[in-house]
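Colleague: the following block contains a protein sequence and its predicted model.
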Amino acid sequence: MSDEGKRRWKGPSAGDKKKSSGRSPGERKIVAHNASSESSKRWIERQLADPYVRKARDEGYRSRAAYKLLELSEKARLSYKGKRVVDLGCAPGGWIQVAMELGASEVVGIDLLELDPIPGAHIIAGDIAETGDVAEMLTGLTGPPDLVISDMAANTTGHKQTDHLRTVALVELALDFAITHLAPGGVFLSKVFQGGATKDVLDRLKASFRDVKHIKPPASRAGSPEIYVVAKGFSPARKG
Ligand SMILES: C[S@@+](CC[C@H](N)C(=O)[O-])C[C@H]1O[C@@H](n2cnc3c(N)ncnc32)[C@H](O)[C@@H]1O
(Lines give C-alpha, C1' and ligand atoms only; values in the text may rest on other atoms or scores of the structure.)
Protein backbone atom coordinates (compact mmCIF):
# COMPACT_ATOMS: atom_id res chain seq x y z
CA MET A 1 0.00 0.00 0.00
CA SER A 2 1.34 3.48 -0.81
CA ASP A 3 2.28 5.87 2.02
CA GLU A 4 -0.24 8.27 0.53
CA GLY A 5 -3.08 5.93 1.41
CA LYS A 6 -1.96 5.63 5.02
CA ARG A 7 -3.38 8.02 7.56
CA ARG A 8 -2.11 8.08 11.10
CA TRP A 9 -4.35 7.58 14.09
CA LYS A 10 -3.49 10.16 16.77
CA GLY A 11 -4.80 8.37 19.83
CA PRO A 12 -3.20 7.26 23.09
CA SER A 13 0.22 5.71 22.68
CA ALA A 14 1.46 2.13 23.02
CA GLY A 15 1.00 0.29 26.26
CA ASP A 16 -1.75 2.70 27.19
CA LYS A 17 -4.05 0.04 28.68
CA LYS A 18 -4.87 0.97 32.27
CA LYS A 19 -2.57 4.00 32.09
CA SER A 20 -5.24 6.64 31.81
CA SER A 21 -4.06 9.65 29.88
CA GLY A 22 -7.08 11.52 31.21
CA ARG A 23 -8.39 11.67 27.67
CA SER A 24 -10.19 9.09 25.59
CA PRO A 25 -9.54 8.41 21.91
CA GLY A 26 -12.92 9.96 21.25
CA GLU A 27 -11.96 13.16 23.03
CA ARG A 28 -8.77 13.52 21.01
CA LYS A 29 -10.72 13.12 17.82
CA ILE A 30 -13.09 15.83 18.98
CA VAL A 31 -10.20 18.31 18.98
CA ALA A 32 -9.35 17.44 15.40
CA HIS A 33 -12.93 17.30 14.22
CA ASN A 34 -14.29 20.10 12.07
CA ALA A 35 -17.13 21.43 14.19
CA SER A 36 -18.51 23.69 11.50
CA SER A 37 -21.21 21.36 10.20
CA GLU A 38 -24.35 20.24 11.95
CA SER A 39 -23.38 16.58 11.64
CA SER A 40 -20.02 17.29 13.30
CA LYS A 41 -21.75 19.01 16.18
CA ARG A 42 -24.12 16.09 16.58
CA TRP A 43 -21.15 13.69 16.53
CA ILE A 44 -19.37 15.66 19.26
CA GLU A 45 -22.48 15.79 21.44
CA ARG A 46 -22.99 12.05 21.03
CA GLN A 47 -19.36 11.30 21.94
CA LEU A 48 -19.52 13.46 25.06
CA ALA A 49 -22.78 11.85 26.21
CA ASP A 50 -21.75 8.26 25.40
CA PRO A 51 -21.12 6.21 28.57
CA TYR A 52 -19.03 3.68 26.59
CA VAL A 53 -16.65 6.46 25.47
CA ARG A 54 -16.12 7.47 29.12
CA LYS A 55 -15.80 3.84 30.22
CA ALA A 56 -13.19 3.17 27.52
CA ARG A 57 -11.19 6.17 28.69
CA ASP A 58 -11.40 5.13 32.34
CA GLU A 59 -10.51 1.50 31.65
CA GLY A 60 -7.70 2.23 29.19
CA TYR A 61 -9.26 0.86 26.01
CA ARG A 62 -8.37 2.57 22.76
CA SER A 63 -11.96 2.52 21.52
CA ARG A 64 -15.53 2.01 22.70
CA ALA A 65 -15.59 -0.84 20.15
CA ALA A 66 -13.68 -2.92 22.72
CA TYR A 67 -16.97 -3.42 24.60
CA LYS A 68 -18.66 -4.76 21.48
CA LEU A 69 -16.08 -7.54 21.22
CA LEU A 70 -16.30 -8.28 24.96
CA GLU A 71 -20.09 -8.55 24.71
CA LEU A 72 -20.06 -10.55 21.46
CA SER A 73 -17.47 -12.95 22.85
CA GLU A 74 -19.49 -13.51 25.99
CA LYS A 75 -22.79 -14.01 24.14
CA ALA A 76 -21.25 -16.38 21.59
CA ARG A 77 -19.08 -18.09 24.26
CA LEU A 78 -15.90 -17.59 22.28
CA SER A 79 -12.65 -18.84 23.73
CA TYR A 80 -9.39 -17.00 23.06
CA LYS A 81 -7.08 -18.87 25.43
CA GLY A 82 -4.00 -20.08 23.56
CA LYS A 83 -5.62 -19.19 20.20
CA ARG A 84 -4.23 -17.40 17.15
CA VAL A 85 -6.31 -14.35 16.23
CA VAL A 86 -6.46 -12.17 13.11
CA ASP A 87 -8.15 -8.76 13.49
CA LEU A 88 -9.19 -7.15 10.19
CA GLY A 89 -9.70 -3.36 10.34
CA CYS A 90 -8.06 -3.13 13.76
CA ALA A 91 -7.46 0.63 14.30
CA PRO A 92 -7.32 2.15 16.83
CA GLY A 93 -6.79 -1.22 18.53
CA GLY A 94 -9.59 -1.88 21.06
CA TRP A 95 -10.31 -5.38 19.71
CA ILE A 96 -6.61 -6.26 19.76
CA GLN A 97 -6.44 -5.23 23.42
CA VAL A 98 -9.48 -7.42 24.21
CA ALA A 99 -8.19 -10.48 22.29
CA MET A 100 -4.89 -10.28 24.17
CA GLU A 101 -6.61 -9.72 27.50
CA LEU A 102 -8.82 -12.79 26.91
CA GLY A 103 -5.73 -14.94 26.53
CA ALA A 104 -4.96 -15.21 22.79
CA SER A 105 -1.46 -16.56 22.28
CA GLU A 106 -0.80 -14.71 18.99
CA VAL A 107 -2.62 -11.63 17.68
CA VAL A 108 -2.09 -9.97 14.30
CA GLY A 109 -4.03 -7.12 12.74
CA ILE A 110 -4.28 -4.95 9.65
CA ASP A 111 -5.77 -1.51 9.00
CA LEU A 112 -5.59 1.20 6.35
CA LEU A 113 -4.69 3.51 9.26
CA GLU A 114 -1.35 3.26 10.96
CA LEU A 115 -1.68 2.71 14.67
CA ASP A 116 0.70 2.89 17.57
CA PRO A 117 2.14 -0.50 18.43
CA ILE A 118 0.53 -2.73 21.04
CA PRO A 119 3.22 -4.81 22.75
CA GLY A 120 2.82 -8.47 21.81
CA ALA A 121 0.65 -7.86 18.72
CA HIS A 122 1.86 -7.82 15.11
CA ILE A 123 0.08 -4.94 13.37
CA ILE A 124 0.36 -3.94 9.73
CA ALA A 125 -0.71 -0.70 8.05
CA GLY A 126 -2.23 -2.02 4.85
CA ASP A 127 -5.27 -3.08 2.85
CA ILE A 128 -7.02 -6.43 3.26
CA ALA A 129 -7.50 -6.41 -0.53
CA GLU A 130 -3.72 -6.37 -1.14
CA THR A 131 -2.16 -9.83 -1.09
CA GLY A 132 1.28 -8.42 -0.17
CA ASP A 133 -0.14 -6.65 2.90
CA VAL A 134 -2.02 -9.78 3.95
CA ALA A 135 1.11 -11.93 3.56
CA GLU A 136 3.09 -9.45 5.67
CA MET A 137 0.45 -9.59 8.40
CA LEU A 138 0.47 -13.41 8.41
CA THR A 139 4.22 -13.51 9.10
CA GLY A 140 3.21 -12.72 12.70
CA LEU A 141 1.50 -16.11 13.14
CA THR A 142 3.16 -19.50 13.63
CA GLY A 143 0.17 -21.35 12.13
CA PRO A 144 -3.35 -20.86 10.76
CA PRO A 145 -5.62 -18.54 12.78
CA ASP A 146 -8.29 -20.00 15.08
CA LEU A 147 -10.34 -16.81 15.03
CA VAL A 148 -10.77 -14.21 12.28
CA ILE A 149 -12.52 -11.12 13.61
CA SER A 150 -13.47 -8.17 11.42
CA ASP A 151 -14.87 -4.80 12.43
CA MET A 152 -14.04 -3.28 9.03
CA ALA A 153 -16.13 -0.35 7.93
CA ALA A 154 -15.75 1.81 4.84
CA ASN A 155 -15.88 5.59 5.03
CA THR A 156 -19.47 6.54 4.28
CA THR A 157 -20.32 8.74 1.31
CA GLY A 158 -23.90 9.51 2.32
CA HIS A 159 -25.10 7.75 -0.85
CA LYS A 160 -27.02 4.78 0.57
CA GLN A 161 -26.49 2.32 -2.28
CA THR A 162 -22.79 3.13 -2.65
CA ASP A 163 -22.24 2.73 1.09
CA HIS A 164 -24.13 -0.56 1.11
CA LEU A 165 -22.06 -1.95 -1.79
CA ARG A 166 -18.80 -0.90 -0.14
CA THR A 167 -19.80 -2.58 3.11
CA VAL A 168 -20.85 -5.78 1.38
CA ALA A 169 -17.51 -5.82 -0.48
CA LEU A 170 -15.61 -5.59 2.83
CA VAL A 171 -17.62 -8.42 4.39
CA GLU A 172 -16.93 -10.56 1.30
CA LEU A 173 -13.21 -9.80 1.52
CA ALA A 174 -13.20 -10.74 5.21
CA LEU A 175 -15.06 -13.98 4.49
CA ASP A 176 -12.72 -14.85 1.58
CA PHE A 177 -9.80 -14.34 3.96
CA ALA A 178 -11.39 -16.50 6.67
CA ILE A 179 -12.26 -19.35 4.31
CA THR A 180 -8.74 -19.33 2.86
CA HIS A 181 -6.84 -19.17 6.15
CA LEU A 182 -8.89 -20.42 9.12
CA ALA A 183 -7.85 -23.56 10.97
CA PRO A 184 -10.45 -26.38 11.04
CA GLY A 185 -13.03 -25.67 13.76
CA GLY A 186 -12.19 -21.95 13.59
CA VAL A 187 -14.43 -18.96 14.21
CA PHE A 188 -15.34 -16.04 11.93
CA LEU A 189 -16.85 -12.93 13.52
CA SER A 190 -17.68 -9.94 11.32
CA LYS A 191 -19.53 -6.68 11.34
CA VAL A 192 -22.34 -6.70 8.76
CA PHE A 193 -24.98 -4.07 8.13
CA GLN A 194 -28.58 -3.50 7.24
CA GLY A 195 -30.47 -6.48 8.54
CA GLY A 196 -27.55 -8.89 8.55
CA ALA A 197 -25.38 -10.70 6.03
CA THR A 198 -26.56 -10.72 2.42
CA LYS A 199 -28.07 -13.95 1.12
CA ASP A 200 -24.92 -14.76 -0.80
CA VAL A 201 -22.68 -14.28 2.27
CA LEU A 202 -25.11 -16.19 4.48
CA ASP A 203 -25.20 -19.12 2.04
CA ARG A 204 -21.41 -19.23 1.99
CA LEU A 205 -21.24 -19.06 5.78
CA LYS A 206 -23.75 -21.89 6.17
CA ALA A 207 -21.79 -23.97 3.66
CA SER A 208 -18.53 -23.59 5.58
CA PHE A 209 -19.48 -23.29 9.27
CA ARG A 210 -21.45 -25.51 11.64
CA ASP A 211 -23.21 -22.70 13.48
CA VAL A 212 -24.06 -19.18 12.18
CA LYS A 213 -25.73 -16.46 14.30
CA HIS A 214 -26.41 -12.73 14.11
CA ILE A 215 -25.81 -10.75 17.31
CA LYS A 216 -26.38 -7.06 18.11
CA PRO A 217 -24.21 -6.27 21.15
CA PRO A 218 -25.59 -3.72 23.64
CA ALA A 219 -22.54 -1.48 23.02
CA SER A 220 -23.61 -1.11 19.39
CA ARG A 221 -25.66 2.09 19.20
CA ALA A 222 -29.37 1.36 18.90
CA GLY A 223 -29.73 3.70 15.91
CA SER A 224 -26.80 2.15 14.06
CA PRO A 225 -27.58 -0.36 11.29
CA GLU A 226 -24.57 -2.47 12.31
CA ILE A 227 -25.00 -6.03 13.50
CA TYR A 228 -22.44 -8.85 13.78
CA VAL A 229 -22.37 -12.35 12.40
CA VAL A 230 -20.61 -15.08 14.39
CA ALA A 231 -19.85 -18.33 12.57
CA LYS A 232 -18.36 -21.25 14.52
CA GLY A 233 -16.99 -24.65 13.57
CA PHE A 234 -15.21 -23.97 10.26
CA SER A 235 -15.00 -26.99 8.05
CA PRO A 236 -12.47 -26.58 5.19
CA ALA A 237 -13.91 -29.63 3.43
CA ARG A 238 -17.23 -27.82 2.95
CA LYS A 239 -15.64 -24.58 1.67
CA GLY A 240 -18.21 -22.01 0.55
C1 LIG B 1 -14.80 0.61 13.30
S2 LIG B 1 -13.10 0.71 12.89
C3 LIG B 1 -12.41 -0.64 13.81
C4 LIG B 1 -12.35 -0.44 15.29
C5 LIG B 1 -11.57 -1.54 15.99
N6 LIG B 1 -12.31 -2.80 15.98
C7 LIG B 1 -11.22 -1.21 17.42
O8 LIG B 1 -11.61 -1.95 18.31
O9 LIG B 1 -10.53 -0.23 17.67
C10 LIG B 1 -13.08 0.12 11.24
C11 LIG B 1 -11.71 0.11 10.59
O12 LIG B 1 -11.77 -0.61 9.37
C13 LIG B 1 -10.68 -0.14 8.58
N14 LIG B 1 -10.76 -0.59 7.18
C15 LIG B 1 -11.69 -0.26 6.26
N16 LIG B 1 -11.41 -0.81 5.07
C17 LIG B 1 -10.26 -1.54 5.24
C18 LIG B 1 -9.45 -2.32 4.36
N19 LIG B 1 -9.76 -2.47 3.05
N20 LIG B 1 -8.34 -2.91 4.86
C21 LIG B 1 -8.00 -2.73 6.17
N22 LIG B 1 -8.73 -1.99 7.05
C23 LIG B 1 -9.85 -1.39 6.59
C24 LIG B 1 -10.80 1.37 8.75
O25 LIG B 1 -9.61 2.02 8.42
C26 LIG B 1 -11.19 1.50 10.22
O27 LIG B 1 -10.10 1.83 11.02
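Modeller: Great, that's in hand. Numbering: from 1, shown residues only.
Colleague: okay, CA-based contacts and neighbour counts for the rest of this
Modeller: Fine.
Colleague: where does pLDDT dip in this structure?
Modeller: Low-confidence segments of the chain, defined by pLDDT under 70, are located at 1-36, 196, 238-240.
Colleague: need the residue closest to the centroid of it.
Modeller: Centroid-nearest residue in the chain, with CA atoms, centre = their mean: residue 151, separated by 2.6 Å.
Colleague: got the residues of the protein near the ligand?
Modeller: Applying CA under 6 Å from any ligand atom, we find that the chain lies next to the ligand at 63, 65-66, 89-95, 110-113, 126-129, 151-154.
Colleague: mind listing the helices for the chain?
Modeller: Taking DSSP state H as the criterion, the chain carries its helices at 25-32, 38-49, 51-59, 65-75, 94-101, 131-138, 160-181, 199-208.
Colleague: what's the neighbour count on the residue nearest to the residue nearest to the centre of the chain when sequence neighbours are not counted?
Modeller: Closest residue to residue 151 in three dimensions, ignoring its sequence neighbours and counting by CA to CA, 6 or more residues apart in numbering: residue 191, at 5.1 Å. For residue 191, the neighbour count with other CA atoms under 10 Å is 23.
Colleague: list the pairing partners of the lengthiest strand in the chain within its sheet, with orientation.
Modeller: Using DSSP state E to define each element, the chain has its longest strand at strand 226-234. Strand 226-234 pairs in its sheet with strand 187-193 (antiparallel), strand 209-215 (antiparallel), by DSSP bridges.
Colleague: point out the most buried one among these.
Modeller: Of these, the one with the most neighbours on average (mean count of other CA atoms under 10 Å) is strand 187-193, at a mean of 24.
Colleague: how distant is that one from the center of its chain?
Modeller: Taking CA atoms, centre = their mean, to the nearest Å, one finds the center of strand 187-193 at 9 Å from the center of the full chain.
Colleague: quick one, that strand and helix 65-75 angle?
Modeller: Between the axes of strand 187-193 and helix 65-75, defined by axes from the mean of the first three to the mean of the last three CA atoms, to 10 degrees, the angle is 130 degrees.
Colleague: which residues are contacting strand 187-193?
Modeller: With CA atoms under 8 Å, 6 or more residues apart in numbering as the test, strand 187-193 has contacts from 146-153, 164, 167-168, 171, 174-175, 178, 225-234.
Colleague: stretch 158-171 too?
Modeller: Contacts with stretch 158-171, where a contact means CA under 8 Å, 6+ apart, come from 152-154, 156-157, 190-193, 198.
Colleague: redo that, cut-off 7 Å
Modeller: When contacts are defined by CA atoms under 7 Å, 6 or more residues apart in numbering, stretch 158-171 is touched by residues 152-154, 156-157, 192.
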